[in-house]
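Student: Sharing a model prediction with you, sequence too.
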Amino acid sequence: MDTKSPTAELKRWRMRARLYGLTLIVAMSYLLIGRLSSQDHKWVQVDLPLSTAVVLLLGIAGVEAYFVIRGLQQRYHELQASRTREIKLAEQFSEQRRTILNQISRALLDKLNLKQLQPEVIEKIALLCETDVAGVWLSERHAPTLFIPRGISGIPAAAAKELGAIGHASPCFEKLLQVARQMEVTDFQRDTAPTLAAFCEREGLVAAVFTPVVCHETIVGIIAAFYRKSHPISPPLSAEMQTVANLIASAVQAEELCRNIADSQKIDTLGNLASGIAHDFNNVLAATLACVSYVKQHTDPHSASHHYLEAAETSIHRGAALSKQLLSFVRHEGPPASIVNPNQIIETTLNFIERSFEKRLAIQRRLATDLRPVEINDAQLEQVVINICINARDAMPHGGTLIVSTRNLHLDNKATERSAVSLPDGDYAVLSFRDTGLGMDEEVRRRVFEPFFTTKQQGEGRGLGLSLVQNIVQNAGGEITVESSPSQGALFEVFLPATTKPLPATTAPAATAPHGGKGERILLAEDEEVIREMTQLALESQGYSVITASDGMTAMALYKQRWKEIDLVIADMVMPRLSGMELLARMKEINPQVRVIVSSGFSRDLEGQHMLQYGCLGYLQKPYDSHALQQLVRSVLDSKQTRFETLACDTNSSA
């Protein structure tokens, strides 16, 4: 109610006049009563304790007091109503700002594409920050010191483009990067770069608030709010600006997570593809090895051809080892560890990679002659050396020196390395890789082992090499450290627990020729024609009788007809029409005591072990040579239902 409106004022005066009239009537009545009660009939003689004037004054005072009290009550109710309206407006205002925050959040997380923010998002940020000009800059993934404009509102397109270009380089926000917290600027000449100060002066901008976007304790973006008039920033408004920055930081992390998931899915897809390729590649190697082994058996051991055939066998086994390593990686298998001399692995690997590195990159060796052996898978240790060397090569694009050294270390509280590693006390073999490359700053050094983290341009690397190295080293019970600074190169050190177990004998005993066949009949089921033919020749040359089948159904039909005369079945695990596992199951229905050897290009660590547990007596890991084949066949035939797979699965066995 408006207490100063003419109608309300008229009503108050009417009420006051009525009360004044009533007061006058009371005073006159009081006077009349006094006159009637007086003994003196003179009208002026009144016998009363108070004069009529006093009564009149008291009445008027009472009327005014009534109006004062009523006015106070009315004022109180008006204040209460005003307070209620203010609370309601504040709630509506708060709800409106929450709605804007939710809209910003949904717009950021729905798209998950921060290369260019939608104009309505920037406009909502400007509305929330109560600013005239708003802009958002985010750093590049591969160039954290460059801030790329993602959206600017409140100024014409040409001016927005100019402002975006000004904020592109980090010196524009150098002071903000130093303080690493929200910063209010009222003096652009003092607190910002000259280019930004000149732009703000030309556009009439007198103040600004810069809010950092922080992910993983690193500033990855900046929200800038510019004002054309002095605008004090209240704590709630400052908190809302920081909330917007946190929303953008969450969107940055969500985008990075989605990108990593997509990369992981691509890797899984490539893993499945690589698994199939490795299987087919093993079949090719198996056919090649079978042919080489057969020719080698019929070649004079003292001839040059025999030497070349041995070299071919060695190369095939190396290819098989690489294929097996690929299968182990894509299937997350844990390869078996062995006792190795790291110096031998390093020397062999360096000889290999030196041929692929440019000549302007020199590799120096400083290997300790008394280095202790370690227990690790030799192929994985090769992977550690290769990945670290490749990282060093990439850090020296214009050439340089890579120094590879080894040493023994007894780790205790007195060791200088104690503060650098968290390993228990004991003896370790240390592998050091020092390069003279570009080096790393503290941020890159801290994240260098993170999966998918890379400083290379998109498409040049996935950031998995050093992460894989760390995983291999940690699984071996060791630790890897890195020291580096810009332009000072880098030092990677691998600490591996030394073992007291002896190294395996350097010279293997001469392989004894397996006993030949005694006319036993073997059913050979193999879909690869060359492998089937060469395996048949190898077995028949040793006195076995071989029946062949090109697929599982044909093999099953032959076994169903002649199972009583078949002493052994050799079946490929992956065949058309009927797989090796299905073939084994059906044969067991006919003859529970059937003797079966399964061969496959897949890894024995999964499929092979499963087949052995399922009831087959031997497993041949492709590629296999004739010696491994004949020895396993003879062992299974001479056995009493004992399982064999060690000898035949060793892809490094010699002919």
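Tutor: Perfect, thanks for sending it.
Student: in the stretch 251-400 of the chain, which spans are strands?
Tutor: Taking DSSP state E, counting those that start in this stretch as the test, the strands found in the stretch 251-400 of the chain are 338-340, 361-366, 374-376, 400-411.
Student: Distance to Gln92, mean pLDDT and mean neighbour count added to those strands, as CSV?
Tutor: Just so you know, the C-beta spots here come from the backbone N, C-alpha and C atoms, and that holds for glycine as well. Converted to CSV, the strands of the stretch 251-400 of the chain look like this (distance: least, Cβ to Cβ, whole Å; pLDDT from 0 to 100; neighbours: other Cβ atoms under 10 Å):
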stretch, distance to Gln92, mean pLDDT, mean neighbour count
strand 338-340, 73, 88, 17
strand 361-366, 68, 90, 14
strand 374-376, 67, 91, 22
strand 400-411, 66, 92, 17
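Student: Quick one: closest of those to Met28.
Tutor: strand 400-411 (115.2 Å; Cβ to Cβ).
Student: C-terminal to that closest one, what's the next element?
Tutor: Using DSSP states H and E, the next helix or strand after strand 400-411 towards the C-terminus is strand 426-435.
Student: what's the angle from that following strand to strand 361-366?
Tutor: Here the directions of strand 426-435 and strand 361-366 differ by 150 degrees (axes from the mean of the first three to the mean of the last three Cα atoms, to 10 degrees).
Student: average pLDDT across the helix or strand containing Ile87?
Tutor: According to DSSP H and E, Ile87 maps onto helix 52-111. For helix 52-111, the mean pLDDT works out to 75.
Student: List the neighbours of whichever helix or strand comes after that helix that are in contact with it.
Tutor: Toward the C-terminus, helix 52-111 is succeeded by helix 119-129 as the next helix or strand (DSSP H and E). Applying Cβ atoms under 8 Å, 6 or more residues apart in numbering, the contact partners of helix 119-129 are 97, 100-101, 103-104, 107-108, 132-136, 151-154, 209, 223, 225, 237, 240-241, 244.
Student: Which positions within helix 119-129 qualify as buried?
Tutor: By neighbour count, with 16 or more other Cβ atoms under 10 Å as the criterion, the buried positions of helix 119-129 are 121-122, 124-126, 128-129.
Student: What degree of burial does the residue nearest to Asp435 when sequence neighbours are not counted show, as a neighbour count?
Tutor: In space, and not counting its chain neighbours, Asp435 is closest to Ala392: 3.9 Å by Cβ to Cβ, 6 or more residues apart in numbering. Close neighbours of Ala392, defined as other Cβ atoms under 10 Å, add up to 25.
Student: show me what contacts Leu117?
Tutor: 108, 136, 150-151.
Student: any idea which of those residues is the one closest to Asp300?
Tutor: Arg150 (74.5 Å).
Student: can I assume the closest one is in contact with Ala134?
Tutor: No: contact between Arg150 and Ala134 fails when scored by Cβ atoms under 8 Å: they sit 11.4 Å apart.
Student: Pick out whichever of the two has more residues nearby.
Tutor: The neighbour count for Arg150 versus Ala134, taken as other Cβ under 10 Å, is higher for Ala134 (24 against 19).
Student: I'd assumed the more buried one was in a strand, is it?
Tutor: Yes: the assignment for Ala134 by DSSP: H, G, I helix; E, B strand; the rest coil puts it in a strand.
Student: thought it was touching Pro149?
Tutor: No: between Ala134 and Pro149 there is no contact under Cβ under 8 Å: 11.5 Å.
Student: For the host helix or strand of Gly151, enumerate the helices and strands it packs against.
Tutor: Assigned by DSSP H and E, Gly151 belongs to strand 147-153. On a contact count with 3 or more Cβ pairs under 8 Å, 6 or more residues apart in numbering; DSSP states H and E, strand 147-153 meets helix 119-129, strand 133-139, helix 157-166, strand 218-227.
Student: what comes up buried for that strand?
Tutor: For strand 147-153, by 16+ other Cβ under 10 Å, it's 147-153.
Student: Closest one of these to Glu203?
Tutor: Ile152 (11.7 Å).
Student: Now do the contacts for the closest one.
Tutor: Contacts of Ile152 (Cβ under 8 Å, 6+ apart): 122, 133-136, 160, 163-164.
Student: Let's see that with 6 Å instead.
Tutor: Listed by Cβ atoms under 6 Å, 6 or more residues apart in numbering, the contact set of Ile152 reads 135, 160, 163-164.
Student: Okay, and the beta partners of it?
Tutor: Gly135 (DSSP bridges).
Student: Please tell me how far Thr401 sits from Leu371.
Tutor: 22 Å (Cβ to Cβ, to the nearest Å).
Student: Oops, could you answer that again for Thr84 instead?
Tutor: In terms of Cβ to Cβ, Thr84 sits 83 Å off from Leu371.
Student: Neighbour count for those two, which is higher?
Tutor: Leu371 (19 against 10).
Student: Surely that one touches Thr406?
Tutor: Yes: assessed by Cβ atoms under 6 Å, Leu371 is found in contact with Thr406 at 5.0 Å.
Student: Find the residues that touch each one of the two.
Tutor: Joint contacts of Leu371 and Thr406 (Cβ under 6 Å, 6+ apart) are Asn343.
Student: before we move on, the earlier item: out of the contacts of Ile152, who's nearest Lys359?
Tutor: Gly164 (44.5 Å).
Student: Now list the buried members of the contacts of helix 119-129.
Tutor: By 16+ other Cβ under 10 Å, the contacts of helix 119-129 give 97, 100-101, 104, 107-108, 132-136, 151-154, 209, 223, 225, 237, 240-241, 244 as buried.
Student: which stretch of helix or strand covers Phe495?
Tutor: Counting by DSSP H and E, Phe495 is part of strand 490-497.
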